[in-house]
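> sequence first, predicted model second:
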Amino acid sequence: MRRSANTPRGAWAFAAAAAIAMVSGTSPHAQQKPAADGAKPAVTRPVASAAVARGKYLVTNVADCGGCHTPGKIGPNGPEADESRRLSGVPASEKVSPPAGSGPWLGHFSLPGAFGGPWGVSYPANLTPDKETGLGGWTEQQFIDTLRTGRHQGRGREILPPMPWRAFRNMTDADLKAIFAYLRTIPAISNKVPDPVIAAPPK
Ligand code: HEC
């Protein structure tokens, strides 16, 4: 919390309070009761904000989605996440070929964030709400189905390593919905992540 309080987004303090209300078991319905002074009740916003705050906490502090989905760059102290492109996936320009056979090593990763290994090359997706290149056109159900089945939108191609969907599939519906709700609130960034290179299975 101390670290979060230093982030430039002032809204976080409010969001954190909403999250605390949620984990401490405050019923969202309590917020739908009219205030004692007769003021109009705020019906949807506090409830939605609690989910968004929970999603931010999961994405940022627990599951580290940005560790793979935010591109890297060289900063003053070496490689670092490019926060100006937060969660927007591997930049469109980063097309790389699969690594050649490399002794005991199983995989490689490039600074902007492509992963190469026996599966070919995978590029962490754009998770921002951009309609054309991110999750903007996805439904909540498609998102949940993706993380539960390890297939694109629940029925497309299998998702390549190292996307940790086998762990994420164990999250509750409420947590997956919260993550999706939070991802809807981050800035949309147009970035068409390169298509993966899918290697032939080993003989
Ligand atoms: C260890 C790295 C890693 C982490 C951590 C990670 N991802 Fe991924 N993710 C990937 C890679 C690589 C791909 C692309 C896989 C492919 O193209 O088959 C991907 C793809 C996706 C996709 C797109 C799937 C599709 O069908 O288009 C979604 C959605 C996604 N990740 C969500 C998340 C979320 C949400 C989190 C955090 C809760 C997360 N990822 C954390 C590596 C990661």
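Right, received. Where do you want to start?
> from now on I want contacts and neighbour counts done on CA atoms only, so please keep to that.
Will do.
> remind me which residues of the protein are low pLDDT?
The chain contains residues with pLDDT under 70 at 1-47, 101-102, 202-203.
> quick check: residues of it near the ligand?
59, 63-65, 67-68, 122-125, 151-153, 159-164, 196 (Cα under 6 Å from any ligand atom).
> quick one: residues contacting the residue in the chain that the ligand sits nearest to.
For the chain, the residue closest to the ligand is residue 152, as judged by Cα to the nearest ligand atom, at 3.0 Å. Residues near residue 152 by Cα atoms under 8 Å, 6 or more residues apart in numbering: 146, 158-159.
> quick one, phi psi at it?
Backbone torsions for residue 152, taken as degrees, to the nearest 10, come to phi -50, psi 120.
> out of the residues of the chain next to the ligand, which end up buried?
For the residues of the chain next to the ligand, a burial check counting by 16 or more other Cα atoms under 10 Å picks out 59, 65, 67-68, 122-125, 151, 153, 159-161, 163, 196.
> just the ones in strands from the residues of the chain next to the ligand, please.
residue 122 (DSSP state E).
> what about residue 62, how many neighbours?
For residue 62, the neighbour count with other Cα atoms under 10 Å is 10.
> how near is the residue positioned nearest the centre of the chain to residue 174?
Geometric centre of the chain, nearest residue: residue 65, 4.7 Å, by Cα atoms, centre = their mean. As judged by Cα to Cα, to the nearest Å, residue 65 and residue 174 stand 17 Å apart.
> same question, residue 51
Residue 51 is 8 Å from residue 174, by Cα to Cα.
> so those two - more neighbours on which side?
residue 51 (24 against 12).
> confirm that that one sits in a helix.
Yes. Using DSSP: H, G, I helix; E, B strand; the rest coil, the assignment for residue 51 is a helix.
> in contact with it, which residues?
Contacts of residue 51 by Cα under 8 Å, 6+ apart are 19, 177-179, 181-182.
> could you do residue 96 as well?
By Cα under 8 Å, 6+ apart, the neighbours of residue 96 are 114, 121.
> now do the nearest residue to residue 86 once chain neighbours are set aside against residue 196, distance only.
Nearest residue to residue 86 in three dimensions, chain neighbours excluded: residue 70, at 4.9 Å (Cα to Cα, 6 or more residues apart in numbering). Counting by Cα to Cα, the gap from residue 70 to residue 196 is 17 Å.
> do the same with residue 67
For residue 67, the distance to residue 196 equals 19 Å [Cα to Cα].
> domain ranges for this structure?
2-62, 66-195 (automatic domain parsing).
> contact partners for the residue nearest to the centre of the chain?
So residue 65 contacts 59, 87 (Cα under 8 Å, 6+ apart).
> make it 7 Å
Contact analysis of residue 65 by Cα atoms under 7 Å, 6 or more residues apart in numbering lists residue 59.
> nearest residue to residue 99 other than its sequence neighbours?
In space, residue 99 is closest to residue 116, 6.0 Å off (Cα to Cα, 6+ apart).
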